[in-house]
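Enquirer: Build me a model from this:
(one chain, ligands or ions: 1)
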Amino acid sequence: MSLEFTATVADRGLEVAFEVATGETLALLGPNGAGKSTVLSVIAGLLRPDTGRVVLDDRTLVATDERVDLAPHLREVALLAQEPLLFPHLSVRENVAFGPRSRGRSRTEARAAADAWLDRVGAAELGDRKPGEVSGGQAQRIAVARALAAEPHLLLLDEPMAALDVAVTPALRQTLRQVLADRTTVLVTHDVLDALLLADRVLVIDEGRVVEEGRSGEVLAQPRSAFAARLAGLNLLHGTWRGDHAVLPDGSQVHGIVAGPEPAVGDLVVATFRPHAVAVYLERPVGSPRNVFATTIDDLEPLGDLIRVRAGQLSADVTAHSVAALDLVLGTAAQLTVKATEVAIYRL
Ligand SMILES: Nc1ncnc2c1ncn2[C@@H]1O[C@H](COP(=O)(O)OP(=O)(O)OP(=O)(O)O)[C@@H](O)[C@H]1O
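Expert: Numbers count the residues shown, from 1 in each chain. This next block holds a predicted model:
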């Protein structure tokens, strides 16, 4: 085990234990105030737990019963927050070179390491600029490079994409996928796609307690906790890429827009779309091209002004008026449709 974590923090109502294997990415999911950031603060050494023990590889970072409490800068842990927090007076290259320099590398080595990391995160051309002269998405890439250039044993990411435009998140998510592979990471996120695409396992925390834990795909496919179920409200269909559409295990086809890198024929993919984008018909609709799934309704659940219709693996949010007009009840055979433009397809 690479990271072993047990801690209680009484005034934040936190009592959590988990482990992360070497090279694994663990996503921490949970509602606001659940305690996710508190867990990261304890690991980074910004908050001392009332009781607890955090061991990274074979080094004890904090152990309340042994009175061990390593200073943050000695922990070899990098914390990347929502806001990039770059040093404004240093150039981008100097920001990234900061970690290697503090680890005793020469100026030339540190600059070379900085340029190599900037290149890996797709920010090679920004080295000479000041942080004030780059966009939010670029600043976050630079912050990723800076965190990794310090060669941390553990990377902590606190909603690294929360402050960014939705337009730039797919590209940064792709960069993170590449740099997180084989790197021990704890990632706090609210985004089901981050959990699915970046994390091997997820831990769902609610009111300071672990309520669910497992492989990302499994937890999101069959959520047990209310929070994971709400997250998993997003439709997720796993399939195989066929060049211009995905084929599901039952043979049905899904057409959509590829987000991120183009999958090769035969690659495993996931097609995602919001329940809002799904329409329910009794007969197979004719006309404009779209995805049609023949299925049977197995749950109808009020959701604010709408009704969430569940049918097999699919969810559709429709008005109460249409549920009444179509006379939908449990067991009704229905055709669920979604336009290809509403479906995002990701390579797994
Ligand atoms: N600096 C602080 N001082 C005291 N209590 C705090 C502090 N920060 C957070 N808390 C409290 O600790 C609990 C856990 O908060 P934490 O920020 O860890 O949750 P979170 O899961 O990261 O939430 P979010 O998703 O909103 O970031 C909450 O009850 C919160 O109000």
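
Enquirer: Quick check: buried residues in stretch 104-111?
Expert: Buried positions in stretch 104-111, judged by neighbour count with 16 or more other CB atoms under 10 Å: 105, 110, 111. Where you see a C-beta, it was placed from the backbone N, CA and C, and this is true even at glycine.

Enquirer: Could you grab the helix/strand/coil label for the nearest residue to residue 284 once chain neighbours are set aside?
Expert: The spatial neighbour of residue 284 that comes closest, neighbours along the chain excluded (CB to CB, 6 or more residues apart in numbering), is residue 335 at 5.0 Å. Put simply, residue 335 is strand when judged by DSSP: H, G, I helix; E, B strand; the rest coil.

Enquirer: Could you do residue 101 as well?
Expert: Following three-state DSSP, residue 101 is assigned to helix.

Enquirer: Distance of it relative to residue 177?
Expert: Distance, residue 101 to residue 177, by CB to CB, to the nearest Å: 28 Å.

Enquirer: So which residues on the protein come close to the ligand?
Expert: 12, 30, 32, 33, 34, 35, 36, 37, 38 (CB under 6 Å from any ligand atom).

Enquirer: Those residues in strands, which ones?
Expert: Using DSSP state E, no member of the residues of the chain next to the ligand falls within strands.

Enquirer: Tell me which of these fall in helices.
Expert: 36, 37, 38 (DSSP state H).

Enquirer: tell me the contacts of the residue nearest to residue 284?
Expert: Applying CB atoms under 8 Å, 6 or more residues apart in numbering, we find residue 335 in contact with 280, 281, 282, 283, 284, 285, 292, 293, 294, 295.

Enquirer: who's it bridged to?
Expert: Residue 335 has these beta-bridge partners by DSSP bridges: residue 281, residue 294.

Enquirer: per-residue confidence at it?
Expert: Listed pLDDT for residue 335 reads 94.

Enquirer: repeat for residue 312
Expert: 86.

Enquirer: thinking it is in contact with residue 294, fair?
Expert: No. Assessed by CB atoms under 8 Å, residue 312 is found out of contact with residue 294, at 9.7 Å.

Enquirer: residue boundaries of the helices in this structure?
Expert: Taking DSSP H as the test, the helices found in the chain are 36-44, 92-102, 107-120, 136-149, 169-180, 192-198, 216-221, 226-231, 320-326.

Enquirer: Quick one: those helices as CSV, columns for mean pLDDT too.
Expert: Output for those, formatted as CSV (pLDDT from 0 to 100):
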stretch, mean pLDDT
helix 36-44, 95
helix 92-102, 93
helix 107-120, 94
helix 136-149, 90
helix 169-180, 81
helix 192-198, 82
helix 216-221, 77
helix 226-231, 70
helix 320-326, 91
